[in-house]
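Peer 1: When you get a sec, could you give me coordinates for this:
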Amino acid sequence: MGKILKYNLLCLILLPSFVAGQTIQKNATVSGSVINGSLTAPAAGVEVVLYALENGREIDKPRPHTMTDSRGRFIFKNLVPGAKRAYYPKTLFRGFQYSGPVVQLGQDSLQQQSDITVFETTNSDSAIVARMHHIIIEPAAGMLAVREVYQYLNRGKYTYVDHSPADKKTKIGLQFEIPQQAKDLQVGGNLMSCCAIVEENKIYDTMEFKPGNKQVVLNYNLPYSGSTTDMRKTIKSPTDLLDVYLPAQFELARLSIANGSSPVEKPVGKPFQLRGKNYNRYVLANVKKAGMLTLGLRRLPTPPMDLRWFAPAALLSIILAGYVFYRMKLKSETVPAEQVEKSDDPVAKRQTLMEKIIVLNHEFETGALEKEIYLAEREKLIEQVMELDTIIED
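Peer 2: Here you go, the predicted structure:
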């Protein structure tokens with residue numbers, strides 16, 4: 001019994017040293033510094049939280065946290081190393097999250113460093129530029145499929161964030177515009193659908209834009225009629241290079257950027273192959289902010305007829321024709337009976353009687369005539385028609 005008791009006590013002592021089959025190493029650490037990139041100075045007194053990854057997935061468990069010292073330094077000790085375990089630090093600064101790079105602790109690398117750079121905020125977009133802006137156009141069913149790819153750069157030392165013009169409480173970063181007639185918008189790249197506000201043809205990214213690069217993708221359809229269309233939209237950021245890719249069979253009628261009173265005229269297209277497809281590439285350089293892009297296209301595939309409207313239109317035509325015919329029949333009733341009797345043409349008399357039968361049927365079907373009266377009148381008219389048929393045949 002004494003040996004068993006000692007063994008159990010030993011297990012209890014060693015148990016905290018084993019986590020998910022891995023041993024905690026007292027000398028396994030992740031350290032680093034939080035640096036204010038806007039001021040080029042350490043960020044003291046900032047809380048840092050350490051996140052753990054297992055097989056590339058975050059471990060949902062209480063996370064260790066600490067505060068930076070006067071030199072912006074932090075350290076996390078007694079961590080679990082392993083080939084499947086990784087860590088990264090994260091902090092909240094001026095209301096936005098910043099992270100350090102992911103590091104892995106192994107038996108031969110028990111001490112790793114992961115620094116975090118944070119930035120002050122600004123509502124000035126003067127440091128933001130679109131290094132490239134691609135517009136790729138493809139024919140689709142009765143419309144054009146447009147894909148816009150932006151490569152943005154925040155070349156400053158501040159995180160850009162502004163306020164929505166419609167709601168000052170909503171923070172926004174980058175802004176975009178698509179043509180008024182565009183539909184079926186989808187966003188991608190670093191612009192997430194959950195964080196995008198769409199108001200008519202304007203798009204607002206509610207995520208801040210930290211110093212560095214950001215890619216934005218916009219996909220939408222552009223309806224058109226006939227074989228031509230004009231695409232217009234405002235350029236929201238200065239752009240180093242804007243290029244348009246058109247299928248070889250399309251004709252570019254116009255491509256210009258109007259900056260005040262001096263439009264940039266249509267460039268010369270050059271053959272270009274993209275993903276195995278042939279295009280004509282048109283390039284505009286050094287496009288200014290707030291310029292109006294106008295893209296005129298010709299020789300587009302003629303959209304197929306929309307047959308959804310054919311059946312209702314045909315039905316309406318039938319109803320109108322029936323109504324006109326009915327009014328003509330009613331009008332024929334107003335012809336005095338003596339004029340009918342005086343007519344010596346049996347064919348004309350028969351036509352008049354048939355018109356009376358049609359009107360009689362309509363009155364009965366609409367409930368304007370009782371059944372007994374209807375049957376009696378109809379029988380009389382039919383007898384007269386049969387008599388005329390005998391005369392006509394003779």
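Peer 1: Just the pLDDT for residue 103.
Peer 2: As predicted, residue 103 sits at a pLDDT of 96.
Peer 1: separation between the residue lying closest to residue 35 once chain neighbours are set aside and residue 160?
Peer 2: Counting by CB to CB, 6 or more residues apart in numbering, residue 35 lies nearest to residue 117, which is 5.1 Å off, once chain neighbours are set aside. In this view, the C-beta of every residue, glycine as well, is placed from N, C-alpha and C. Residue 117 sits 16 Å away from residue 160, going by CB to CB, to the nearest Å.
Peer 1: And these two? Which one has more around it.
Peer 2: residue 160 (22 against 19; other CB atoms under 10 Å).
Peer 1: need the contact list for the more buried one.
Peer 2: Neighbour list for residue 160: 121, 122, 123, 124, 125, 127, 128, 154, 173, 208, 209, 210 [criterion: CB atoms under 8 Å, 6 or more residues apart in numbering].
Peer 1: which strands and helices sit next to the one helix or strand the residue nearest to residue 35 maps to?
Peer 2: Taking DSSP states H and E as the criterion, residue 117 maps to strand 116-118. Applying 3 or more CB pairs under 8 Å, 6 or more residues apart in numbering; DSSP states H and E, we find strand 116-118 packed against strand 29-36, strand 85-93, strand 96-99.
Peer 1: want to throw those strands into JSON lines with mean neighbour count and distance to residue 249?
Peer 2: Output for the helices and strands packed on strand 116-118, formatted as JSON lines (neighbours: other CB atoms under 10 Å; distance: least, CB to CB, whole Å):
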{"stretch": "strand 29-36", "mean neighbour count": "20", "distance to residue 249": "54"}
{"stretch": "strand 85-93", "mean neighbour count": "20", "distance to residue 249": "50"}
{"stretch": "strand 96-99", "mean neighbour count": "16", "distance to residue 249": "47"}
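Peer 1: Out of these, which gets nearest to residue 53?
Peer 2: Residue 53 lies closest to strand 85-93 among these, at 4.3 Å (CB to CB).
Peer 1: Given the helix or strand following the strand holding residue 117, what are its sheet partners and their directions?
Peer 2: For strand 116-118, the following helix or strand on the C-terminal side (DSSP H and E) is strand 120-122. Within its sheet, strand 120-122 is paired with strand 158-160 (parallel), according to DSSP bridges.
Peer 1: Using the three-state scheme, assign residue 357.
Peer 2: Assigned by DSSP: H, G, I helix; E, B strand; the rest coil, the conformation of residue 357 is helix.
Peer 1: and it, what does it touch?
Peer 2: So residue 357 contacts 378, 381, 382, 385 (CB under 8 Å, 6+ apart).
Peer 1: Distance-wise, check the second one relative to residue 368.
Peer 2: As defined by CB to CB, residue 381 lies at a distance of 17 Å from residue 368.
Peer 1: next one: the third one
Peer 2: If you measure residue 382 against residue 368 using CB to CB, the figure is 20 Å.
Peer 1: Between these two, tell me which one has more neighbours.
Peer 2: Between residue 382 and residue 368, counted using other CB under 10 Å, the more crowded position is residue 382 (13 against 9).
Peer 1: Skip the chain neighbours and tell me the closest residue to that one.
Peer 2: Distances taken as CB to CB, 6+ apart put residue 357 closest to residue 382, at 7.2 Å, once the chain neighbours are dropped.
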